[in-house]
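A.B. asks: This is a predicted model, with the sequence first.
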Amino acid sequence: MTSSAPVAAGATAGLDSSRLRKLQILGIASGLTAGAWLGAAEAPTKLAQAGVSPIVISLLMVSGVFLARWSLPALIRGTGQIGVDLRQAPHLVVWGLLAGCLWAVANTLTIFAIRDIGLSIAFPLWNMNSLLGIFWGFVLFNELRSAGVWRWLAVGGGAAVMFAGATLLAIASSTQAAGQHALHGVVAALCAGALWGTMYIPYRKAYLTGMNPLSFVTFFSFGELGMMLTLALIYSGGSAQLWLELAKTKTVIFWILLGGFVWVLGDVFQQYAAKYIGISRGIPLSNTNQLWGLLWGIFVFGELRGLGASHYAQVIGGSLLMAAGAGAIALSSVSKDEHVRWREAAQREGLRYGVDSGYVEAGLSGRDAAPAEKRGRSWLDWVLVIGATAIFVRLAMFARTPNLELSFTAMSALCIAMLILLAGTGIALWRITRFN
């Protein structure tokens, strides 16, 4: 049974400085780790340039996402904890489904963008979603309220630098790709960014209310898969034609599903970044994935090979400008006064939906909302983990290396760096919050 009582006055005063600082550092680390894994996840979509339909790639990628969004929470916390969160905040199921639908459409647009203008250029264009994240965070959730002049300057200046970088990249894209396809790719990437920027509204509503990120992503998954399957059926002209398209991709299904799985690893860290430093800071920080996309595009796939020095200067300069702007925004730390305004927004969300004030407070402080209800992993959890693993192993048996020119040395170096970030941030999340 829930209560609509407001958060107590002492709680509203905020966390102690030490706890708040730890959570902010954790949020920054989560954002950086998210950037690495989100950047790598788009690499399999290069298959769109090897004759595989973008819609099929997106559907298969979402299927990999669905497997990961259930198996990872089952492994880390157990599905029983999802039920605890659902009873406390059932209204977030609808918001999760909506966010999933937006993500599916946006992800499909990115496949077309990568096909038409390449990975290293498409990334920064759709990462304009940072600007929408700043806007919605301020307007709806009290982010940057009472933040002070210097933090406002950091956010405003960072947004201006990001815009300059995106403009430089748009100019570069118009000369790299041929004719009308360059324009199509630019429009697809910008529309994807707009949808992803709007998708962060449900994120922030969930975490101000107290929802655990690992629970929220499971609701999210049904919206993703349902919307993507609908788009695929419409685009392909029916189930029979879609099945034929899928049958043609037997040898690459593993790689695309793996891309979806990798994307979820990045998204989980992005969710924790949004939870602990807000969408106005967490999303720009996770958008360092553009630099990882640049590294994968140039060093692993050989994008921009053979082009003049001016093209390299535009693409690399634009990416660095956007990363610098995102860094200025993300590293403008949350003050005690601003955090109090966050708590006011959380109290408002709790009152609106009748969520228990203790649950809301625990979520804001990164602690377990209901330790008495904590359960171990059940047989269902192990079925989900073993089942997902078996699917990937079976598909790997049919997999063939795509007929693309790849640098395996560069790929190995990037993968090692990603694993180091994964281990370091994962351990920190466990020690400080127990993944709460």
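C.D. replies: Happy to help now that I have it.
A.B. asks: Work out for me the element residue 388 sits within.
C.D. replies: Here residue 388 sits within helix 379-398, counting by DSSP states H and E.
A.B. asks: Tell me the first helix or strand C-terminal of that helix.
C.D. replies: Beyond helix 379-398 toward the C-terminal end (DSSP H and E), the next one is helix 408-433.
A.B. asks: how far does that following helix sit from the chain's center?
C.D. replies: 16 Å (Cα atoms, centre = their mean, to the nearest Å).
A.B. asks: Buried residues, that helix. List them.
C.D. replies: Buried positions in helix 408-433, judged by neighbour count with 16 or more other Cβ atoms under 10 Å: 410, 411, 414, 418, 421, 422, 425, 426, 428, 429, 432, 433. Any C-beta I mention is one placed from the backbone N, CA and C, and that applies to glycine too.
A.B. asks: from those, which is closest to residue 384?
C.D. replies: Nearest to residue 384, judged by Cβ to Cβ, of the buried residues of helix 408-433 is residue 426 at 19.4 Å.
A.B. asks: the helices in the stretch 151-300 of the chain, which residues?
C.D. replies: Assigned by DSSP state H, counting those that start in this stretch, the helices in the stretch 151-300 of the chain fall at 179-209, 213-236, 239-247, 253-277, 279-286, 289-295.
A.B. asks: Any buried residues in the second one, and which?
C.D. replies: Neighbour counts over helix 213-236 (16+ other Cβ under 10 Å) mark 213-225, 227-229, 231-232, 235-236 as buried.
A.B. asks: Over to the third one?
C.D. replies: Within helix 239-247, the residues scored as buried using 16+ other Cβ under 10 Å are 242, 245, 246.
A.B. asks: Relative to residue 89, which of these is nearest.
C.D. replies: Nearest to residue 89 among the buried residues of helix 239-247 is residue 242, at 35.6 Å by Cβ to Cβ.
A.B. asks: quick one: the nearest residue to the closest one once chain neighbours are set aside and residue 340, what's the gap?
C.D. replies: Of all residues not flanking residue 242 in the chain, residue 236 sits nearest, at 4.0 Å (Cβ to Cβ, 6 or more residues apart in numbering). Distance of residue 236 to residue 340, computed by Cβ to Cβ, to the nearest Å: 52 Å.
A.B. asks: Also residue 29?
C.D. replies: Taking Cβ to Cβ as the criterion, residue 29 is separated from residue 340 by 24 Å.
A.B. asks: These two: which has the busier surroundings?
C.D. replies: Set side by side, residue 29 and residue 340 show more neighbours around residue 29, with 21 against 15, by other Cβ atoms under 10 Å.
A.B. asks: who's in contact with that one?
C.D. replies: 424, 425, 428 (Cβ atoms under 8 Å, 6 or more residues apart in numbering).
A.B. asks: Kindly recompute the last result at 6 Å.
C.D. replies: Going by Cβ atoms under 6 Å, 6 or more residues apart in numbering, residue 29 touches residue 425.
A.B. asks: what separates it from residue 285, distance-wise?
C.D. replies: Residue 29 sits 10 Å away from residue 285 when distances are taken as Cβ to Cβ.
A.B. asks: hmm, back to that, dump the buried residues of helix 239-247 to a markdown table, plus pLDDT.
C.D. replies: Output for these, formatted as a markdown table (pLDDT from 0 to 100):
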| residue | pLDDT |
| --- | --- |
| 242 | 86 |
| 245 | 82 |
| 246 | 83 |
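A.B. asks: Which member of those residues is positioned nearest residue 74?
C.D. replies: The nearest member of the buried residues of helix 239-247 to residue 74, counting by Cβ to Cβ, is residue 246 at 26.5 Å.
A.B. asks: secondary structure element for the closest residue in space to that closest one that isn't next to it in sequence?
C.D. replies: Leaving aside its sequence neighbours, residue 246 sits nearest to residue 56 (Cβ to Cβ, 6+ apart; 6.3 Å). Assigned by DSSP H and E, residue 56 belongs to helix 54-76.
A.B. asks: so for stretch 333-350, what's the average pLDDT?
C.D. replies: For stretch 333-350, the mean pLDDT works out to 83.
A.B. asks: Buried residues of that stretch, list them for me.
C.D. replies: For stretch 333-350, a neighbour-count test (16+ other Cβ under 10 Å) marks 333-335, 338-339, 341-347, 349-350 as buried.
A.B. asks: and the gap between the residue nearest to residue 242 and residue 184?
C.D. replies: Distance, residue 236 to residue 184, by Cβ to Cβ: 19 Å.
A.B. asks: Same question for residue 214.
C.D. replies: 37 Å.
A.B. asks: how many other residues sit next to residue 313?
C.D. replies: 12.
A.B. asks: Where does pLDDT dip in the stretch 201-350 of the chain?
C.D. replies: Scanning the stretch 201-350 of the chain for pLDDT under 70 picks out 306-307.
A.B. asks: now with 50?
C.D. replies: For the stretch 201-350 of the chain, no stretch is flagged by pLDDT under 50.
A.B. asks: what does the stretch 51-200 of the chain give?
C.D. replies: Filtered on pLDDT under 50, the stretch 51-200 of the chain yields the residue ranges 178-179.
A.B. asks: what about 90?
C.D. replies: Residue ranges of the stretch 51-200 of the chain with pLDDT under 90: 51-62, 64-65, 69-70, 73-101, 103-194, 196-200.
A.B. asks: residues in contact with stretch 99-112?
C.D. replies: Stretch 99-112 is contacted by residues 45, 48, 54, 57-58, 188, 191-192, 195-196, 199, 202, 220, 223-224, 227-228 when judged by Cβ under 6 Å, 6+ apart.
A.B. asks: brain fart, stretch 302-321
C.D. replies: Here stretch 302-321 has contacts from 118, 120, 124, 161, 164-165, 168-169, 172, 290-291, 294, 297-298, 405, using Cβ under 6 Å, 6+ apart.
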